[in-house]
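*Asks:* got a predicted model here, sequence first, then my questions.
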Amino acid sequence: MKKYFLLIALFAFYNTLNAQNLNLIPYPQQVKQLKTTLRIKPESMFFTKNSQYKNEVLYLNGQLGLAGKGRQEIRIVITKDIEGIGAYRLSTVSNKIAIMAAEREGVFNGVTTLLQLCRSAKAEDSRILPGLIINDKPRYQWRGFMLDESRHFFGMAAVKNILNWMAFYKLNRFHWHLTDAQGWRIEIKKYPWLTKIGGIGNFTDSTAAARYYTQKEIKEIVAYAKRRHIEIVPEIDMPGHATAANKAYPKYSGGKVKGYDDFTFNPGKEETYQFLTNILKELKVLFPDGRIHIGGDEVALGIKAWDNNTDVKKLMEKKGYTDHQQAEAYFLRRIADSVIKLKNKVMCWDEAVAANLPVNHVLVNWWRQNKPEVLQEAITKGYPIILSPRLPMYFDFVQDSTHISGRKWDGHYNTYLDVYHFPENDLTADVYQSKNVIGVQANLWTETVASQKRLDYLLFPRIAAVAESGWTFDATKNDDLFNARLKAHLNYYKNAGIYYFDPFNPSFHKEAVDVAPKPVIKD
Ligand code: TNX
């Protein structure tokens, strides 16, 4: 009897070991390897008879550069048998490829797994896929990445490239930080100075020519993301981090304070709400996915300006407020109200948990890893939460002990393995298994990132690690197996001309440094 169990255990282990050699990132929940293989004729393109999913198959052919005239069918079956959003079954049995799922996201996840199998096979023989039955589902529904394009602007090609890799890695939410102190990066037709004036400058050069996305470009990016089943959440940061907007329209500024002039919007002025609501109206049309991020972070940095603001004083008198945080909360409630009236969901940074925004309409990004009590408060209040704590989810942090540019927190920085082992290495199970926690997200702030080279360097390979963090359950995680798969992916980066960090050979690409390192900032 004992022997029998041992055999089963050994067999199961062998199976996993073997299976992880498939170079799939993120790694699926369950992989059965068959003895068979599936041969795809060299000149073949994929096709499906399921007319609903032609675009997904076109995407696959496009990614693989397939344009021949032979045809290899993918059977796509929508069935309730596969449970959960994003779940799918992919089988490559004898000469048939099939994807089963309950809905669209699941189908697309099956397609991206097939894409990775084809890429992996390509190295040896482009025509032979292993015989497999993969049953897979995501650990978290929200698998996000945030790019800050205010501090430095990267443009269409860079964003499309990121979206393309996100889809490859089953990351399905792109949080786009489009406004901040250093630049306003999205055209708003009603307020042209936002980009003409507010778009001037960046973190390293306050006089650089205005850079921003036109509405036409935004639509193109949104369509590009949609083809890859990625939702875009635009962020207009308020009432803090608003310096660029206030440069363009000073009448909505909350005032000046040393080091943080015009950092806030004026919460005491009725016109401020009209102005911002008009902006939100244009945003709602541009981003049809239905979520808008209103920021809400670090207002404290500039809030002292409200001491000398007569509008704020009047507001506080009228409402009986005794401190500025109450005015800040009032501002957030008014703006959240506007977003909700536009039939959108509100997203915000964790400072806004204090504002008691309506739970059913609001999602919270928890970013202050040094404030676990705020995460707990958000859970208690019932908000859906996305985990993006500075440690280990901020990609502006350095990723190797030898790196000199980028942040650290009390000496801590974010290696790809720290990201891979999030959240189970950082939080307790009652927290990361809470039904309120709907996902994880990595954030790339770009104070120290001025070039494509450095952007690549901070993102690759940590993008692969955050994909596993969002998708793979802790029981399936294993450093050696992940490293083996990652090595294959480093080759993809190399072939794509990406300037990545190689953790197995740190001197392969030397650290890309754009900005002379400053003493470490604490907050
Ligand atoms: C904090 S995270 C910020 C950003 C900075 C970042 C640098 C957050 C909501 N606010 O404005 O860019 O730290 O790591």
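*Replies:* Thanks, I have the structure now.
*Asks:* what does the helix or strand where L283 lies rub up against?
*Replies:* If you go by DSSP states H and E, L283 is part of helix 270-286. For helix 270-286, contacts defined as Cβ atoms under 8 Å, 6 or more residues apart in numbering pick out 186, 188-191, 194, 215, 218-219, 222, 234, 236, 238, 249, 251-252, 265-266, 292, 334-335, 338-339, 342-344. Every C-beta, even on glycine, is put in place using the N, C-alpha and C of the backbone.
*Asks:* can I get it in CSV, CA atoms only?
*Replies:* Coordinates of each C-alpha in helix 270-286 appear next as CSV, following Å, rounded to 0.1, in the frame of the first residue of the first chain:
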residue,chain,number,x,y,z
GLU,A,270,-17.8,75.1,-6.6
GLU,A,271,-16.2,75.8,-10.0
THR,A,272,-13.5,73.2,-9.3
TYR,A,273,-16.1,70.4,-9.3
GLN,A,274,-17.6,71.6,-12.5
PHE,A,275,-14.1,71.8,-14.1
LEU,A,276,-13.2,68.3,-13.0
THR,A,277,-16.5,66.8,-13.8
ASN,A,278,-16.3,68.1,-17.4
ILE,A,279,-12.9,66.4,-17.6
LEU,A,280,-14.3,63.2,-16.3
LYS,A,281,-17.1,63.3,-18.9
GLU,A,282,-14.6,63.3,-21.7
LEU,A,283,-12.7,60.5,-20.0
LYS,A,284,-15.8,58.3,-19.7
VAL,A,285,-16.3,58.5,-23.5
LEU,A,286,-12.7,57.7,-24.2
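*Asks:* if you count neighbours, what's buried in that helix?
*Replies:* Across helix 270-286, burial judged by 16 or more other Cβ atoms under 10 Å covers T272, Y273, F275, L276, T277, I279, L280, E282, L283, K284, L286.
*Asks:* just stretch 446-464 next, same as before
*Replies:* Residues 446-450, 452, 454-464 are the ones in stretch 446-464 that count as buried (16+ other Cβ under 10 Å).
*Asks:* inside helices: which ones of the residues you listed?
*Replies:* Among those, the ones falling in helices (DSSP state H) are Q452, R454, L455, D456, Y457, L458, L459, R462, I463, A464.
*Asks:* can you tell me how far the residue of the stretch 351-500 of the chain found nearest the ligand is from L459?
*Replies:* With Cβ to the nearest ligand atom as the measure, W445 is the residue of the stretch 351-500 of the chain nearest to the ligand, at 3.3 Å. Using Cβ to Cβ, to the nearest Å, one obtains 12 Å as the distance from W445 to L459.
*Asks:* and for Q376?
*Replies:* Here the criterion is Cβ to Cβ. By it, Q376 lies 31 Å from L459.
*Asks:* do the same with A223
*Replies:* A223 is 23 Å from L459, where distance means Cβ to Cβ.
*Asks:* again, but for W471
*Replies:* For W471, the distance to L459 - Cβ to Cβ - is 17 Å.
*Asks:* low-confidence bits of the chain, can you list those?
*Replies:* Across the chain, the ranges flagged by pLDDT under 70 are 1-21, 122-126, 518-523.
*Asks:* contact residues of it facing the ligand?
*Replies:* D297, E298, W349, W367, Y394, D396, R407, W445, E447 (Cβ under 6 Å from any ligand atom).
*Asks:* for D418, state which of those is nearest.
*Replies:* Checking the residues of the chain next to the ligand against D418 by Cβ to Cβ gives Y394 as the nearest, at 10.8 Å.
*Asks:* how near is that closest one to I162?
*Replies:* As judged by Cβ to Cβ, Y394 and I162 stand 16 Å apart.
*Asks:* how about A181?
*Replies:* Using Cβ to Cβ, we find A181 at a distance of 23 Å from I162.
*Asks:* now for the closest residue to F508 other than its chain neighbours: which residues touch it?
*Replies:* Residue nearest to F508 in three dimensions, not counting chain neighbours: D502, with 4.0 Å by Cβ to Cβ, 6 or more residues apart in numbering. With contacts defined as Cβ under 8 Å, 6+ apart, D502 is in contact with L490, F508, H509.
*Asks:* how about the secondary structure of the second one?
*Replies:* Which is F508. Here F508 is coil, with the state taken from DSSP: H, G, I helix; E, B strand; the rest coil.
*Asks:* could you do the first one as well?
*Replies:* Look at L490: counting by three-state DSSP, its state is helix.
*Asks:* that one and Y499 touch, don't they?
*Replies:* No: counting by Cβ atoms under 8 Å, L490 stays clear of Y499, with 12.0 Å between them.
*Asks:* greatest separation within the buried residues of helix 270-286: which pair is it?
*Replies:* Applying Cβ to Cβ across the buried residues of helix 270-286, the maximum distance is between T272 and L286, 21.6 Å.
*Asks:* quick one: contacts for whichever residue of the stretch 201-350 of the chain sits closest to the ligand?
*Replies:* Nearest residue of the stretch 201-350 of the chain to the ligand: D297, at 3.4 Å (Cβ to the nearest ligand atom). The contact partners of D297, by Cβ under 8 Å, 6+ apart, come to D237, G240, H241, W349, D350, E351, W367.
*Asks:* closest to H403 out of the residues you listed?
*Replies:* Nearest to H403 out of the contacts of D297 is W367 (Cβ to Cβ; 21.6 Å).
*Asks:* skipping its backbone neighbours, what lies nearest that closest one in space?
*Replies:* S388 (5.3 Å).
*Asks:* what about the one you found, neighbour count?
*Replies:* Neighbourhood size, S388 [other Cβ atoms under 10 Å]: 25.
*Asks:* then L342?
*Replies:* By the measure other Cβ under 10 Å, the count of residues near L342 is 15.
*Asks:* any idea how far it lies from N50?
*Replies:* Counting by Cβ to Cβ, the separation of L342 from N50 is 35 Å.
*Asks:* give me the next element, helix or strand, following the helix or strand hosting L114.
*Replies:* Here L114, judged by DSSP H and E, is contained in helix 104-122. Toward the C-terminus, helix 104-122 is succeeded by strand 128-136 as the next helix or strand (DSSP H and E).
*Asks:* the helices in the stretch 151-300 of the chain, which residues?
*Replies:* Assigned by DSSP state H, counting those that start in this stretch, the helices in the stretch 151-300 of the chain fall at 156-168, 193-196, 215-227, 243-248, 270-286.
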